[in-house]
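Student: here is my input, please return the structure:
(one chain, ligands or ions: 1)
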Amino acid sequence: MTSRLRMSDIRKSYGPTAALRGVDLELRPGEVHAIVGENGAGKSTLMKILSGAEQPDTGAMELDGAVYRPTGPQSARERGVAMIYQELAICPDLTVEANVTLGQEHNGFGLLTASANRARVESALAQLGHPEIKPDAPIATLNPAGRQVVEIARALLSDVKVLVLDEPTSALTQEDAKRLFELVRSLKSRGVTVVYISHFLEELDAIADRFTVLRDGQAVGSGRWGDVTREKVVEMMVGRTVTEQYPRTPHEIGAPVLELADLNGEELPTGANLTLRRGEILGIAGIIGSGRTELLRAVYGLDPVRAGRVKVGAHSNERATPAERIGQGVGLVSEDRKTEGLALDLSISDNVVLSQLDTGSTFGFLSRSWLRGAVGEVLTRFGVKFRDADQAVGDLSGGNQQKVAIARLFHQHADVLLLDEPTKGVDVGSKADIYRQIGAAAASGKAVLVVSSYLPELFGVCDTLAVMCRGKLSPVRPISEWTPEQVIATATGA
Ligand SMILES: Nc1ncnc2c1ncn2[C@@H]1O[C@H](COP(=O)(O)OP(=O)(O)OP(=O)(O)O)[C@@H](O)[C@H]1O
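Tutor: Presented below is the predicted three-dimensional model:
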């Protein structure tokens with residue numbers, strides 16, 4: 001079988017961090033090639049090099065038998081290689097059409113009449129099975145799935161040969177994820193090579209043909225997906241056997257610590273009732289946009305509360321600010337760690353102690369070396385892959401940033417933990433570390449409210465579960481009284 005693209009002995013370091021240590025990768029025409037590996041293994045770096053966003057220190061690439069050495073993303077696109085990022089790169093203020101045609105002047109777009117331009121954009125969207133997306137709609141009005149389709153349409157119009165998707169389903173509903181898989185299959189049937197980065201090994205069963213595993217900047221295995229078991233793939237990723245995906249720590253449920261009565265946010269949620277008790281892990285399922293994030297934000301004081309009651313311990317105050325909530329022992333890990341979670345330019349250790357400094361704890365007076373030691377211990381517990389606690393958080397891989405955000409919350413000694421998609425972008429082994437810490441927190445009497453779109457995780461770690469659908473929260477029931485089918489039916493209002 002001839003290869004479409006070949007990367008040989010690719011090396012890349014960022015200062016003292018060796019992100020890639022001599023990686024070989026071979027991609028074939030019309031295949032879906034999965035790239036898997038732990039957080040920080042080098043997946044994004046390798047794909048940035050492939051798509052021209054980063055330059056390798058050494059190594060060579062070949063596309064269809066010819067030397068391939070892109071000088072930037074545009075030069076890669078001109079050769080037919082495009083990457084679609086987790087956090088989509090699209091300009092929100094522009095229209096769909098302007099986005100699709102952005103940078104495509106060399107393809108004749110600049111020379112075409114406006115109506116011919118529009119026709120090509122409409123035809124690309126129709127081919128992708130999304131004729132409902134209108135060329136003159138502003139990007140900001142589309143949901144994440146719609147924005148992704150627009151990015152793919154853009155790649156399609158530049159005659160893409162290799163399309164890289166970086167964790168494409170992490171912001172999609174199950175329905176949209178299924179449509180994306182269909183789209184990937186149709187790209188494949190046209191001979192497009194799709195490189196697919198994912199931490200959800202289950203979804204790879206549905207679409208992957210072959211795979212490559214990266215570990216610590218090296219390719220440690222590759223082959224046909226399905227020829228090896230999922231357990232074996234995980235073993236290659238982490239270098240050991242992961243026996244328990246959902247470790248459980250025995251814990252007892254105690255007195256109520258958070259009570260919501262008829263809580264109404266600005267728009268969502270509408271009339272939410274819930275009691276969270278000490279030692280309880282309560283999950284909230286629901287589709288993206290159903291109001292789960294808004295519920296946590298309203299409780300934490302980030303979004304206004306229009307009506308209803310919020311009681312935290314002995315404090316009955318629905319209009320508390322986040323600083324007041326922190327003072328009452330409430331902590332939040334936001335879904336959107338980039339804009340409101342972490343201070344990316346600050347060091348890892350400053351980020352971990354940040355909310356404690358805010359509340360005026362004695363940390364402000366402690367020596368840096370003591371701080372570094374304490375922070376190092378917390379980070380190790382959460383399996384954060386870092387070089388130095390003084391390193392900027394923004395230099396860590398996406399999944400490791402997420403682990404820092406969680407480690408920070410656990411370090412804050414909060415009694416009520418609000419976790420919004422806590423394992424988003426986190427690898428399989430580290431997910432288990434996070435579940436272990438959630439269990440330990442419950443065992444020590446803390447109360448945990450977890451919003452997640454990943455049902456196996458809710459079933460694996462929660463004691464109780466409620467489902468949000470269009471702003472309405474179902475009654476909370478023990479997890480044993482739910483089945484995944486019931487959760488999906490309740491979430492979709494079926
Ligand atoms: N701009 C940068 N500056 C410094 N170090 C970096 C930079 N980008 C990546 N790294 C480091 O390179 C290594 C590989 O990171 P990369 O983002 O490629 O991992 P990944 O496999 O994509 O992880 P994840 O699953 O968390 O997205 C990590 O140790 C990371 O901290």
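Student: does the helix or strand harbouring V233 reach the ligand?
Tutor: If you go by DSSP states H and E, V233 is part of helix 230-238. No. If you take C-beta under 6 Å from any ligand atom as the test, helix 230-238 misses the ligand, and the best it gets is 10.1 Å. Every residue, glycine included, has its C-beta placed from N, CA and C.
Student: for the stretch 51-200 of the chain, what lies in contact range of the ligand?
Tutor: Checking the stretch 51-200 of the chain against the ligand by C-beta under 6 Å from any ligand atom, there are no hits.
Student: picking up where we left off before, send me the helix holding V233 as PDB with only the CA atoms.
Tutor: In PDB, the C-alpha atoms belonging to helix 230-238 read as follows (Å, rounded to 0.1, in the frame of the first residue of the first chain):
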ATOM      1  CA  ARG A 230      -8.600  -1.700  23.900                       C
ATOM      2  CA  GLU A 231      -6.800  -2.800  27.100                       C
ATOM      3  CA  LYS A 232      -3.600  -3.400  25.100                       C
ATOM      4  CA  VAL A 233      -3.800   0.100  23.500                       C
ATOM      5  CA  VAL A 234      -4.200   1.600  27.000                       C
ATOM      6  CA  GLU A 235      -1.200  -0.400  28.200                       C
ATOM      7  CA  MET A 236       0.900   0.900  25.300                       C
ATOM      8  CA  MET A 237      -0.300   4.500  26.100                       C
ATOM      9  CA  VAL A 238       0.600   4.400  29.800                       C
END
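Student: might you report the residue contacts of the residue nearest to I133 when sequence neighbours are not counted?
Tutor: In space, I133 comes closest to L125 once its chain neighbours are excluded; the distance is 5.1 Å by C-beta to C-beta, 6 or more residues apart in numbering. When contacts are counted by C-beta atoms under 8 Å, 6 or more residues apart in numbering, L125 touches 96, 131, 133, 135, 149-150, 153.
Student: returning to that earlier point: mind giving me the packing neighbours of the helix holding V233?
Tutor: strand 32-37, helix 201-207, strand 210-215, strand 218-224, helix 428-443 (3 or more C-beta pairs under 8 Å, 6 or more residues apart in numbering; DSSP states H and E).
Student: the inter-axis angle of the last one versus strand 32-37?
Tutor: Here helix 428-443 points in a direction 50 degrees away from that of strand 32-37 (axes from the mean of the first three to the mean of the last three C-alpha atoms, to 10 degrees).
Student: the following helix or strand past the helix holding V233 pairs with which strands, and in what direction?
Tutor: For helix 230-238, the following helix or strand on the C-terminal side (DSSP H and E) is strand 256-265. Sheet pairing here is set by DSSP bridges, and for strand 256-265 it gives strand 272-277 (antiparallel), strand 305-312 (antiparallel).
Student: pairing partners for the very next helix or strand once past the longest one, with directions?
Tutor: Scanning forward in sequence from strand 305-312, with DSSP H and E defining helices and strands, the next element found is strand 315-316. According to DSSP bridges, strand 315-316 has the following sheet partners: strand 305-312 (antiparallel).
Student: in the partner strand, what's buried?
Tutor: 305, 308, 310-312 (16 or more other C-beta atoms under 10 Å).
Student: still on that earlier bit, which of the contacts of L125 count as buried?
Tutor: Applying 16+ other C-beta under 10 Å to the contacts of L125 flags 96, 133, 135, 149-150, 153 as buried.
Student: among those residues, which pair sits farthest apart?
Tutor: Greatest spacing in these, by C-beta to C-beta: P135 and V149 (12.5 Å).
Student: against V23, how distant is M61?
Tutor: 11 Å (C-beta to C-beta, to the nearest Å).
Student: what's the answer for F386, then?
Tutor: F386 is 21 Å from V23, by C-beta to C-beta.
Student: same question for I197.
Tutor: Distance from I197 to V23, by C-beta to C-beta: 14 Å.
Student: ok, back up a step: any idea which of the helices and strands packed on helix 230-238 gets closest to T45?
Tutor: strand 210-215 (9.3 Å).
Student: re earlier: export the strands paired with strand 256-265 to TSV and tack on mean pLDDT and distance to the ligand?
Tutor: Converted to TSV, the strands paired with strand 256-265 look like this (pLDDT from 0 to 100; distance: least, C-beta to the nearest ligand atom, whole Å):
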stretch	mean pLDDT	distance to the ligand
strand 272-277	98	30
strand 305-312	95	33
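Student: quick one: closest of those to F459.
Tutor: When those are ranked by proximity to F459 (C-beta to C-beta), strand 272-277 comes first, at 18.5 Å.
Student: contacts for the helix or strand that that closest one is followed by next, please.
Tutor: Using DSSP H and E, the helix or strand that follows strand 272-277 in sequence is strand 281-286. Contacts to strand 281-286, defined as C-beta under 8 Å, 6+ apart, come from residues 251, 274, 276, 292, 295, 438-439, 442, 447-453, 455, 458, 461-469, 473, 476, 479, 487, 490-491.
Student: stretch 18-30 now?
Tutor: 1-13, 33, 42, 45-46, 49-50, 56, 59, 161-162, 188-193, 195, 210, 212, 214, 216-219, 222.
Student: now, of the residues you listed, which are buried?
Tutor: Buried among the contacts of stretch 18-30 by 16+ other C-beta under 10 Å: 3-7, 10-12, 33, 42, 45-46, 49-50, 56, 59, 161-162, 188, 192-193, 195, 210, 212, 214, 216-219, 222.
Student: what about those residues, which are in helices?
Tutor: Counting by DSSP state H, the buried ones among the contacts of stretch 18-30 place 45-46, 49-50, 188 in helices.
Student: quick one, what contacts D209?
Tutor: 31-33, 224-225.
Student: quick one: it from the ligand, how far?
Tutor: Distance, D209 to the ligand, by C-beta to the nearest ligand atom, to the nearest Å: 21 Å.
Student: in the chain, which helix or strand is least confident?
Tutor: helix 348-358 (a mean of 72; mean pLDDT, DSSP states H and E).
Student: that one: what's the following helix or strand?
Tutor: Criterion used, DSSP H and E; the element after helix 348-358 is helix 368-381.
Student: contacts for that next one?
Tutor: Contacts for helix 368-381 (C-beta under 8 Å, 6+ apart): 348-349, 352-353, 363, 386, 389-390, 403-404, 407, 410-411, 433, 437.
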